[in-house]
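Participant: With the input below, show me the fold.
(3 chains)
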Amino acid sequence: MKAITKKYSLLGILIILLLILLVGFPRYVSAYKVIFLTNVLMYVIITLSWVIFSGSTGYISLAPAAFFGVGVYASAILSKSLFLPVFILIGGLASFCLAFLIGGLTLRLRGMYFMMFTFGLVELIRHFVQWWEVNITGTVGRLVPVLHHITIYYAIVVIFLLVLLTSYVIRRSKFGLALQSIGECEEVAAHTGVNVTRVKVLTFAVSAFFIGVVGATMTMRWQYIDPSTAFDIRLSFMPVLMAIFGGMGHLYGPIVGASIFSFLDEILATKFPYYYMLLFGVTMFVVIRFMPHGVEGVIQKWNKRERRGPSETP
Amino acid sequence: MIVRFLDIVIGGLLMGGIYALIAVGFSLQYGVARVLNVSHGEFIMLGAFATWSLYTLWGVNPLISLVICAPIFFIIGFVIHRTYYTPLRISSESLAVFEGSSMLASFGLLFVIQNIALIVWGAPVKGYSYLAHPISFFGAVFSANRIVTLLASVILGLIFYLFLARTRIGKAIRAAAQDPDAAELMGVRIHQVLALCFGFGTMMAGLGGLLISMTSVMITPFMGLEYTLIAIIVVVLGGLGNIKGSFIGGFILGLVGTIVSYIQPGLSLVAYYLIFLLLLLIRPTGILGK
Amino acid sequence: MEQKGEKRTFGDTMRILEGEGVKKNFGGLAAVSDVEFHAEQGEIVGLIGPNGAGKTTLFNLVSGALIPDSGVIRFKGKNITGLKPHQITRMGIARTFQSVKVFPKMSVLDHVLLGYLFGNQECTRSDKTLKEVTEILDFLELSEMKEKRSKDLTLANQKRLEVARALAIKPELLLLDELMAGLNHTEVIEAMELVRKI
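Facilitator: Residues are numbered from 1 along each chain as shown, chains lettered A, B, ... in the order given. Alright, predicted model coming up:
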């Protein structure tokens, strides 16, 4: 009993320290570092949101770019007339509804097909919005009023904490148990009384909500948006990679994965602009071949070796 | 009126021929080797660049480049599969896991190839002109190079079809497509066959790129993704794993594209994706699938 | 099957399960063809037939995993044809599977908890929950293993786990699909005793 309380209080102290760090951060560092951390947190949020759905059910969704883009456009259209919390909430809700609709239609598709569908969806929306903006509204590319980078930083921190909290609550709850059962054997889950479709669609929608919110928020940094940047398919692949890199079994996996990955991403992009994609691709190759459970997998292997003790050979 | 009609139909077939070829290549990689190779388009891009280099730097006739590029691309694909995807498949816990991870690995490949192309050829758009003189067909005008590409696609398709149907290796491929484990038990060296299929896939991509480059299209390191997506759509249209279906599906999609372009230019890609999504929802086994 | 529910008698014993004219085809093959069946409350009914006769298909039709091409299935007088599996489960029918289907990475305790929370009428955690779940685990002699992941259990214990999960649903009708498949002689005897205990 003592060991457990000790572990929890240590964790609690760490969390409080982290919070203080996050909140106090902007006062003591340069604007560049604040913006850098904002970007990293953006990826962490998207990855965490993605894991909420895809990590537990096993359905690989490539839709994040669609939900992000919906948030972006909600922001672009509404930011002139509404306050930040209001329009980012609307962005999130719009994504929620889209996901609800899509989920209802497609979550009965088998894994591969679902993945391809979400992929096609992003491209469909992108091309359609492009065509619409060119031919109907004549506004390809929109200018967005910019908010101060510190405001955006705090907004992102709040969203991050909310996603974290949501992930934690879901994992510990009855709902999370149902999700796990769906991921491991959908048929049996249904026969145990779990309303599989409803759980999947709801989770998908919740995941989309956060991605939409973060998309709406980040727009306020970019000044200019168009369909290609709003619905950039790379935003769909990044969370998948980051989650695989970090591992999805525990809460820390996606956070670690996304942080390291986006950190590397930033550094590589600035230092090796000509070789950056090459390095990225090679990293992917290596990770997928040799680290199938990501960083978590590596850590778990270390733990197992430690428990066995130095006298035993693994 | 007839001219318009011919314009659309033949234009569609010309486009369709190339779609058919790249779709068959993709189908081999996914239907048999179970690799959703999202870097397929990058090999198409490489084929286009290779042809460009051969033509503009050394004056090699693109049709001769066909013979040069085919074995090179085949070997590249074969080697990549043998050295990377084969061990990945062996170490994957299940086929589903392998399908997922091989797809993601293909992403890595996509980035690598695109970056290499950027370094070697640079970002500015390239192009060349070959056999560009117009040929008239009952009033509808097409450039000779596009008709040549159609012929080439059909001939290559036929050759491959005969290969699949008549040779021993072709039989092995067909067996592996149906049931790899059973095929292995029957004495088929399954890993060789899968690598062969992957190699054929990249070969067709390279040749597809070659033919595309002949039609005076803009050659850039970023041209690949669009074709990958089209290949995916055609393969779903024709039925996953159905090679004949992919071939026919290519022509169908080409026709659809030209028809939509005629009605409302700029919406052809939207139409492709709409069809794709509807197919997945209503008939994921494809129009021609079993 | 006498379960934790009440035993009702309306003059004659009530038919808890009945099916009429049930048909199911797969392509050209008629797996289940114009079948009529019924079970009374409190009965133990055995469904016997050679492999491929369609027994599992019938179970699938009753549990909602498949929808019959024609015919009607009634549970406690209510028509359940075409309902989804989770709805049928919540109405009081639980089943096990021929090829043992458990959640590999889930602990034994969580399995039963899942059944308890989702399968029966009371769907919320309460003080009763832990007590009743422990009872079920004891009944099936799985208590010492409650933290273990189901993939680490022996086949016989996995089958017990399936039954535990099914019982957590508090069913009025329990469908056991080839419970004895793959068990050795001792295990078969244990299983038969278990069925009688239930």
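Participant: use CA for all of it now, contacts and neighbours both
Facilitator: Fine.
Participant: which secondary structure element contains the closest residue to residue A:61 other than its chain neighbours?
Facilitator: Distances taken as CA to CA, 6 or more residues apart in numbering or on different chains place residue A:115 nearest to residue A:61, at 5.3 Å, with adjacent residues excluded. Assigned by DSSP states H and E, residue A:115 belongs to helix A:111-132.
Participant: for the chain, what spans make up the strands?
Facilitator: I went with chain A, as the question did not name one. Along chain A, counting by DSSP state E, strands occupy A:142-143, A:224-225.
Participant: my bad, the chain I had in mind was chain B
Facilitator: B:134-137, B:140-143.
Participant: how close does the closest residue to chain C within the stretch 51-200 of chain A get to chain B?
Facilitator: Relative to chain C, the nearest point of the stretch 51-200 of chain A is residue A:193 (4.1 Å; CA to the nearest CA). According to CA to the nearest CA, to the nearest Å, residue A:193 and chain B sit 26 Å apart.
Participant: Please tell me how far that residue sits from residue C:92.
Facilitator: According to CA to CA, to the nearest Å, residue A:193 and residue C:92 sit 10 Å apart.
Participant: circling back to that earlier point, let me have the strands of chain A in a markdown table, adding mean neighbour count, distance to residue A:14 and mean pLDDT as columns.
Facilitator: Output for the strands of chain A, formatted as a markdown table (neighbours: other CA atoms under 10 Å in any protein chain shown; distance: least, CA to CA, whole Å; pLDDT from 0 to 100):
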| stretch | mean neighbour count | distance to residue A:14 | mean pLDDT |
| --- | --- | --- | --- |
| strand A:142-143 | 15 | 41 | 82 |
| strand A:224-225 | 18 | 38 | 87 |
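Participant: Can you convert the ones you listed into TSV and add a column each for distance to chain C?
Facilitator: As requested, these are exported to TSV (distance: least, CA to the nearest CA, whole Å):
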stretch	distance to chain C
strand A:142-143	47
strand A:224-225	44
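Participant: Residue A:55: which of these is closest?
Facilitator: strand A:224-225 (30.2 Å; CA to CA).
Participant: what packs against the closest one?
Facilitator: strand A:142-143 (3 or more CA pairs under 8 Å, 6 or more residues apart in numbering or on different chains; DSSP states H and E).
Participant: just checking, what packs against the strand it packs on?
Facilitator: Other elements packing on strand A:142-143 under the criterion 3+ CA pairs under 8 Å, 6+ apart are strand A:224-225.
Participant: Can you list the strands that the strand it packs on pairs with?
Facilitator: strand A:142-143 (antiparallel) (DSSP bridges).
Participant: Can you tell me what sits against the strand it pairs with?
Facilitator: The list of residues contacting strand A:142-143 from outside it, by CA atoms under 8 Å, 6 or more residues apart in numbering or on different chains, reads A:76, A:223, A:224, A:225, A:226.
Participant: tell me the pLDDT at the first one?
Facilitator: Spelled out, it's residue A:76. Looking at residue A:76, its pLDDT is 86.
Participant: do the second one as well
Facilitator: Per-residue confidence (pLDDT) for residue A:223: 79.
Participant: What's the local residue count around the closest residue to it other than its chain neighbours?
Facilitator: Computed as CA to CA, 6+ apart, the closest residue to residue A:223 that is not its neighbour in sequence is residue A:144, at 4.7 Å. When neighbours are counted by other CA atoms under 10 Å in any protein chain shown, residue A:144 registers 19.
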